[in-house]
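Trainee: next one to model:
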Amino acid sequence: MREKGALLVISGPSGAGKGTISLALQKDHPSLRLSVSATTRAPRKGEVDGLHYHFLQREVFKDLIKNDQLLEWAEVYGNYYGTLRRFVQETLEHGNDVILEIDIQGALQVKRNYPDAVLVFIAPPSKSELRSRLISRDTDSREEIEKRLSCAVSEMELARQYDFFVINDDISRALKKIHAVITVEKLRPRYHELFITQFK
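Mentor: Coordinates of the predicted model:
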């Protein structure tokens, strides 16, 4: 039997750099497994079902909600997003760490449902830089960008409910800080229960 894994939740305003950070963390931590979220939105250009998201019909997603098969779910920008409970639970039980890259509403749900989850808020260095990032990635309309910028104001207020706060002004510096978070978290006694109990 293995020690239980840790659940790391990464979130922040759209355009803060969550995806880049998540990919880098997975490369640096072989035991870290990404939980692929389910969504009802249409795939963007280049997105692959099962790799970037599980793209589901609204009826299928609602069945998951009804049957309590989601660790968290939320409606964001008119679409549903959620985390498949079974994958997270089984991965943690097998001793692997799990990273969730999800929206802020979902992250706070996870914290309520799984208090041991570690929430890391990724913030952009400024509102103007956030606008530049959203424009340069060329995936949203001008109207959608303005909507995301407006949401970022209220999302930043919710950062106070997170365990850690990282400003992503430089990807290397941001990653070093999150590596430190993971190192400290894995030193907690709850991840060493088997080792502790062997002394009984």
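Trainee: show the pLDDT at Met1.
Mentor: According to the predicted model, the pLDDT of Met1 comes to 60.
Trainee: where along this structure do the helices fall?
Mentor: For the chain, the helices identified by DSSP state H occupy 18-28, 58-66, 85-93, 104-113, 127-136, 142-157, 171-185, 193-197, in order along the chain.
Trainee: low-confidence ranges in this structure?
Mentor: 1, 138, 140 (pLDDT under 70).
Trainee: now with 80?
Mentor: 1-2, 76-77, 127-128, 130-150 (pLDDT under 80).
Trainee: pick out the residue closest to the middle of it.
Mentor: With distances taken as C-alpha atoms, centre = their mean, the residue of the chain nearest its centroid is Glu101 (2.0 Å).
Trainee: for the residue nearest to that one when sequence neighbours are not counted, give me its contacts.
Mentor: With sequence-adjacent residues excluded and distances taken as C-beta to C-beta, 6 or more residues apart in numbering, Glu101 is closest to Ser22, at 4.5 Å. Yep, even glycine has a C-beta here, placed from its N, CA and C like the rest. Taking C-beta atoms under 8 Å, 6 or more residues apart in numbering as the criterion, Ser22 is in contact with Ile10, Leu34, Ile99, Glu101.
Trainee: among these, list the two that are farthest apart in space.
Mentor: Within these, two members stand farthest from each other by C-beta to C-beta: Ile10 and Leu34, at 10.0 Å.
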